[in-house]
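Chemist: sequence plus predicted model, see below.
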Amino acid sequence: MNLSMKVLLLEDEVGISSFIYIQLTRQFYDVVIAKTVKEAIDIYDHTYTMLLVDLMLPDGSGIEFIKHVRISNARIPIIVLTALTEDDDVVEGFKAGCDDYVKKPFGIGELMVRMKRYLNNSEQSQDVIIREPFTLDLCNRAVRKDGVSIILTPTEFKLFQLIFINYEKMFTKNEIADLIWGKDYVGDLQIVNVNMNRLRYKIDCNKEAYIKTVWGVGYRWEN
């Protein structure tokens with residue numbers, strides 16, 4: 001292991017987060033701690049290689065964070081760490097998109113074994129997504145069409161990533177605004193149309209061959 005293995009730990013209990021942080025950094029993991037769902041959403045990006053997520057948090061459930069991540073990243077390994085033991089809680093975690101479940105209290109050996117299993121399976125495949133004629137490089141935050149780079153602003157890249165990964169899924173303008181500008185955004189939804197039109201122009205000269213408008217509702221990707 002080396003510092004290229006970057007882990008986001010969402011855990012509000014200081015004793016537990018400190019214990020995990022110390023143990024993982026000793027194994028040369030780069031660990032970043034978030035204590036709330038909002039903080040995790042704010043700091044999460046595609047430089048992370050694994051997420052460790054508690055469910056019971058001060059501002060809600062870790063499931064909300066898992067759902068947020070899975071919208072744009074279907075591959076990053078997510079392990080739930082929780083004292084909740086009811087079957088319904090476990091099922092909700094898996095439905096949201098977690099890969100595994102570790103019941104508190106747990107030993108660091110058990111956690112490490114589970115982490116390594118998923119990291120070994122995923123580290124070769126999560127950075128580049130190809131859907132001809134486009135290639136989405138998450139690590140370098142780059143988009144190419146027929147091998148030629150397309151220069152996008154940070155917002156345009158987020159929009160492309162959202163609908164490209166979730167192809168054929170229709171997103172409403174409200175959903176796009178929440179996911180790109182945050183749930184606190186209260187401005188005009190015309191900002192979605194403006195940025196989507198700019199993105200469409202850059203990838204296909206303003207045609208609708210890839211980004212389809214669902215009139216009066218929103219947008220979806222379609223090859």
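Modeler: Sure thing, it's come through. Numbering: from 1, shown residues only.

Chemist: per-domain residue ranges of this structure.
Modeler: 6-122, 128-221 (automatic domain parsing).

Chemist: any chance of those domains in CSV, plus mean neighbour count and mean pLDDT?
Modeler: Every residue, glycine included, has its C-beta placed from N, CA and C. Compiled in CSV, those are given as follows (neighbours: other CB atoms under 10 Å; pLDDT from 0 to 100):
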stretch, mean neighbour count, mean pLDDT
domain 6-122, 17, 89
domain 128-221, 15, 88
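
Chemist: for the protein, what spans make up the strands?
Modeler: With strands called from DSSP state E, the chain shows them at 6-10, 30-34, 50-54, 56-57, 60-61, 78-82, 100-103, 128-131, 134-137, 142-145, 148-150, 171-172, 211-214, 218-221.

Chemist: neighbouring strands - and their directions - for the first one?
Modeler: Same thing as strand 6-10. strand 30-34 (parallel), strand 50-54 (parallel) (DSSP bridges).

Chemist: now distance to residue 110 too, for the strands of the chain, in CSV please.
Modeler: Output for the strands of the chain, formatted as CSV (distance: least, CB to CB, whole Å):
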stretch, distance to residue 110
strand 6-10, 16
strand 30-34, 17
strand 50-54, 13
strand 56-57, 20
strand 60-61, 23
strand 78-82, 11
strand 100-103, 7
strand 128-131, 32
strand 134-137, 34
strand 142-145, 38
strand 148-150, 44
strand 171-172, 38
strand 211-214, 45
strand 218-221, 40
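
Chemist: quick one: the helices in this protein?
Modeler: 14-26, 37-43, 62-72, 87-96, 108-122, 154-165, 173-181, 190-204 (DSSP state H).

Chemist: to residue 138, which of those helices lies closest?
Modeler: helix 154-165 (7.4 Å; CB to CB).

Chemist: any residues touching the closest one, and which ones?
Modeler: Residues from elsewhere that reach helix 154-165 (CB atoms under 8 Å, 6 or more residues apart in numbering): 71-74, 129, 131, 134, 136, 138, 141, 143, 152, 169, 171, 176, 179-180, 195-196, 198-199, 202-203, 211, 219-221.

Chemist: now do the same end-to-end measure for stretch 59-79.
Modeler: 20 Å (CA to CA, to the nearest Å).

Chemist: who's in contact with the residue nearest the centre of the chain?
Modeler: Centroid check for the chain by CA atoms, centre = their mean gives residue 69 as the closest residue, at 2.8 Å. By CB under 8 Å, 6+ apart, residue 69 lies in contact with 44, 51, 76, 78, 97.

Chemist: let's have these in CSV, adding distance to residue 13.
Modeler: Shown next, in CSV, are those (distance: CB to CB, whole Å):
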residue, distance to residue 13
44, 20
51, 17
76, 23
78, 19
97, 23
